[in-house]
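1. Fold the following.
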Amino acid sequence: MWTSFPNLATFDHTFQVPLDYANPADRNISIFVRELRKPSDKPEAGAEADEKKSDKKYLVYLQGGPGHRAGRPTEGSGGWIGAALDAGFRVLLLDQRGTGLSTRASTGMLTRMAKRDGATATADYLSNFRADNIVRDCEEIRKSLGIEKWTLLGQSFGGFCSVQYLSQAPDALQEALLTGGLPPLVAESNAADGTYRALFPHVRAQNAKFYKRFPGDVAAVKRIVERLLESPAKLPMGGTLTARGFQCLGIMFGLLSGFETVHYIIEDAFDADGEISHEFLAGVERIVGCSEAPLYLLLHESIYCNNGTSNWACERVRNEPENFALFDAQTAIDEGRPILFTGEMMFPWMLDELSEMAPLKEVGHELAKREWPALYDVDCLKTCKVPVAAATYVEDMFVQFDLARETARIIGSEHRDATLGGEHVRQLMTSAYNHSGLREDGAVLFKELLAMARDEHPVR
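-> Numbering: from 1, shown residues only. Below is the predicted model of the structure:
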């Protein structure tokens, strides 16, 4: 059934796909896709079956994550969605497997599965929820809809999925647009350690910006941390807030208004009687909790595994002497330095301190030690002819700039002119945004990237 908003018409699709493509007869899961069109492009009632899709342009949006559903359109939807519709696209918003209205790997369902079937079986189930199978789902949907080729727009982890698509099924793609989504170290079996070593300096730099904007928070953060080191607080959902858990608020430092968001949480920290406030605890939990997106914690490091295992790489890198000295809260207090926040980083102790994740602790450890299959066919990436344009953010603390540039040089590299050089991937490299450029200025970025991919952009 079609639903109409002002300037927007939507249609909901549900597709059945194998949970495990290596064993398709085992069981199916459902994948939800919401199609967006201009109202003038909506078919007449009863005429849907007569539509010919082969001559229409489709754009698939791959959401950031892992573990987050696609955004929900409203009557005010503009941004990149409006720009894509104006460019003649029909837009498909995919709830990636395990999220949203697709067969959801919710905290409750996974907890019941782990209790019933055990941690190993639950980890085996979740091993089917990485980028390679998200791409296979896309291919099932494309074929089911009778679409010859379509365009990708991949944000962050959605860009990682897009690069996987380029190495798995490039013939299905008209062009690929990536925003903060060039995956790091695609030729390495375990990119996790190298990625986090490259990211920690960027996280430190964002801390410096935060304290420059809010110098009074140096003392305020110290007061909070000293209280939490003395006596961890109970979170509203029943978990425990420790000093290291509080430091995880730094994940906001790479996003629009993230500095302000953290500052306002900090200023709410204490009630009039000097006790830690409920408002503060609820604000922290909204950001660091994973109750609505458990895959974000459970599968996070697996996105960097390309024939390898992560085994809690971020914790390992944080504990290396240089990073430990910088990011350990007690050390910072002892040395009279500002306490640093961490970034987009998942740690094993979260499975103890977040109450909603505690029943999945053994599942998390099973996934961390798992040997993952390859995500990227580097030889295929080198021969890629699909037009690719990427917004690459110089100060991004989620996707490190230099590592993203390395991947861009690999894609299509075999077509590089031996004499003249040049690169296949067109890049919009900027410090104007951190990681959330598509959210901040979606229409502008979309138009720029589409023009670059189609070689319609002025040569500079």
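
2. As a check, name the ranges of all strands in the stretch 301-450 of the chain.
-> Using DSSP state E, counting those that start in this stretch, the strands of the stretch 301-450 of the chain run over 388-393, 426-430.

3. a markdown table please, covering those and showing mean pLDDT.
-> Shown next, in a markdown table, are those (pLDDT from 0 to 100):
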| stretch | mean pLDDT |
| --- | --- |
| strand 388-393 | 97 |
| strand 426-430 | 95 |
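
4. Comparing those, which comes out most buried?
-> strand 388-393 (a mean of 26; mean count of other CB atoms under 10 Å). C-betas here are computed from N, CA, C, even on glycine.

5. can you give me the mean pLDDT across stretch 171-184?
-> Averaging pLDDT along stretch 171-184 gives 97.

6. If you count neighbours, what's buried in it?
-> By neighbour count with 16 or more other CB atoms under 10 Å, stretch 171-184 contains the buried residues 172-184.

7. Just flag the most distant two among the residues you listed.
-> By the measure CB to CB, Gln174 and Pro184 form the most distant pair in the buried residues of stretch 171-184, at 25.8 Å.

8. Please tabulate the strands of the stretch 301-450 of the chain in JSON lines, including the columns distance to Glu320.
-> JSON lines is the format used below for the strands of the stretch 301-450 of the chain (distance: least, CB to CB, whole Å):
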{"stretch": "strand 388-393", "distance to Glu320": "25"}
{"stretch": "strand 426-430", "distance to Glu320": "29"}
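
9. what's the closest of those to Ser413?
-> Of all the strands of the stretch 301-450 of the chain, strand 388-393 sits nearest to Ser413, with 12.0 Å by CB to CB.

10. and that closest one, what does it pack onto?
-> Strand 388-393 sits against strand 173-179, helix 401-410, strand 426-430, helix 437-453, with contacts defined as 3 or more CB pairs under 8 Å, 6 or more residues apart in numbering; DSSP states H and E.

11. could I get those as TSV with distance to Tyr211?
-> Listed next are those as TSV, based on distance: least, CB to CB, whole Å:
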stretch	distance to Tyr211
strand 173-179	28
helix 401-410	22
strand 426-430	24
helix 437-453	23
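
12. returning to that earlier point: among the strands of the stretch 301-450 of the chain, single out whichever gets nearest to Phe280.
-> strand 388-393 (30.3 Å).

13. Send over that closest one as CSV, restricted to the C-alpha atoms.
-> Output of strand 388-393 as CSV, limited to C-alpha atoms (Å, rounded to 0.1, in the frame of the first residue of the first chain):
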residue,chain,number,x,y,z
VAL,A,388,32.9,6.0,-7.6
ALA,A,389,32.8,9.3,-5.8
ALA,A,390,33.6,9.7,-2.2
ALA,A,391,33.3,12.5,0.4
THR,A,392,36.4,12.0,2.6
TYR,A,393,36.7,14.0,5.7
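
14. What angle do helix 437-453 and that strand make with each other?
-> 140 degrees (axes from the mean of the first three to the mean of the last three CA atoms, to 10 degrees).

15. Strand 388-393 versus helix 401-410: what angle between them?
-> For strand 388-393 against helix 401-410, the angle by the same axes, to 10 degrees is 170 degrees.

16. List the strands paired with strand 388-393, with their directions.
-> strand 173-179 (parallel), strand 426-430 (parallel) (DSSP bridges).

17. Now that we have those strands, can you turn them into JSON lines and tack on distance to Leu295?
-> Output for those, formatted as JSON lines (distance: least, CB to CB, whole Å):
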{"stretch": "strand 173-179", "distance to Leu295": "21"}
{"stretch": "strand 426-430", "distance to Leu295": "29"}
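
18. and stretch 326-338, which residues are buried?
-> Of all the residues in stretch 326-338, those buried under the rule 16+ other CB under 10 Å are Leu326, Phe327, Asp328, Ala329, Ala332, Ile333, Pro338.

19. So, low pLDDT: which residues of the stretch 351-460 of the chain?
-> Where the stretch 351-460 of the chain drops to pLDDT under 70, the residues are 417-421, 459-460.

20. Tell me the one of the buried residues of stretch 171-184 nearest Asn207?
-> Proximity of these to Asn207 (CB to CB) peaks at Gly180, which lies at 19.8 Å.

21. wait, the closest one sits on Met397?
-> No - with contact defined as CB atoms under 8 Å, Gly180 does not reach Met397; the gap is 10.4 Å.

22. Now do Asn307 against Gly98, distance only.
-> 22 Å (CB to CB, to the nearest Å).

23. Look at the two and report which has more neighbours.
-> Shown here are Asn307 and Gly98; by other CB atoms under 10 Å, Gly98 has more neighbours (30 against 13).

24. Give me the number of neighbouring residues for Glu285.
-> 19.

25. That one - nearest residue in space that isn't next to it in sequence?
-> Excluding the flanking residues, the one nearest Glu285 by CB to CB, 6 or more residues apart in numbering is Leu235, at 4.9 Å.

26. can you check Asn434 too?
-> Using CB to CB, 6+ apart, the nearest residue to Asn434 is Gly254, at 4.7 Å.

27. Next up, the contacts around that neighbour.
-> Neighbour list for Gly254: Gln206, Gly343, Glu344, Asp396, Met397, Phe398, Asn434, His435, Ser436 [criterion: CB atoms under 8 Å, 6 or more residues apart in numbering].

28. Out of the residues you listed, who's the most crowded?
-> Going by other CB under 10 Å, Met397 tops the contacts of Gly254 with 27 neighbours.

29. isn't that residue right up against Glu344?
-> Yes - in this structure Met397 lies within contact range of Glu344 using CB under 8 Å: 7.2 Å.

30. Where does pLDDT dip in the stretch 1-150 of the chain?
-> Applying pLDDT under 70 to the stretch 1-150 of the chain picks out residues 46-54, 76.

31. Do a quick rundown of the helices in it.
-> In the stretch 1-150 of the chain, the helices defined using DSSP state H, counting those that start in this stretch lie at 79-86, 107-117, 119-126, 131-145.

32. Quick check: Glu275 vs Arg136, distance?
-> Look at Glu275 and Arg136: by CB to CB, they are 52 Å apart.

33. hang on, the earlier thing: export the contacts of Gly254 to JSON lines and tack on distance to Ala83?
-> Listed next are the contacts of Gly254 as JSON lines, based on distance: CB to CB, whole Å:
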{"residue": "Gln206", "distance to Ala83": "29"}
{"residue": "Gly343", "distance to Ala83": "30"}
{"residue": "Glu344", "distance to Ala83": "27"}
{"residue": "Asp396", "distance to Ala83": "22"}
{"residue": "Met397", "distance to Ala83": "27"}
{"residue": "Phe398", "distance to Ala83": "23"}
{"residue": "Asn434", "distance to Ala83": "21"}
{"residue": "His435", "distance to Ala83": "20"}
{"residue": "Ser436", "distance to Ala83": "17"}
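
34. Check which helices and strands the longest helix belonging to the chain sits against.
-> Taking DSSP state H as the criterion, the chain has its longest helix at helix 192-213. Contact here means 3+ CB pairs under 8 Å, 6+ apart; on that basis helix 192-213 packs against helix 217-230, helix 258-267, helix 313-318, helix 321-327, helix 401-410.

35. I appreciate the help and will end here.
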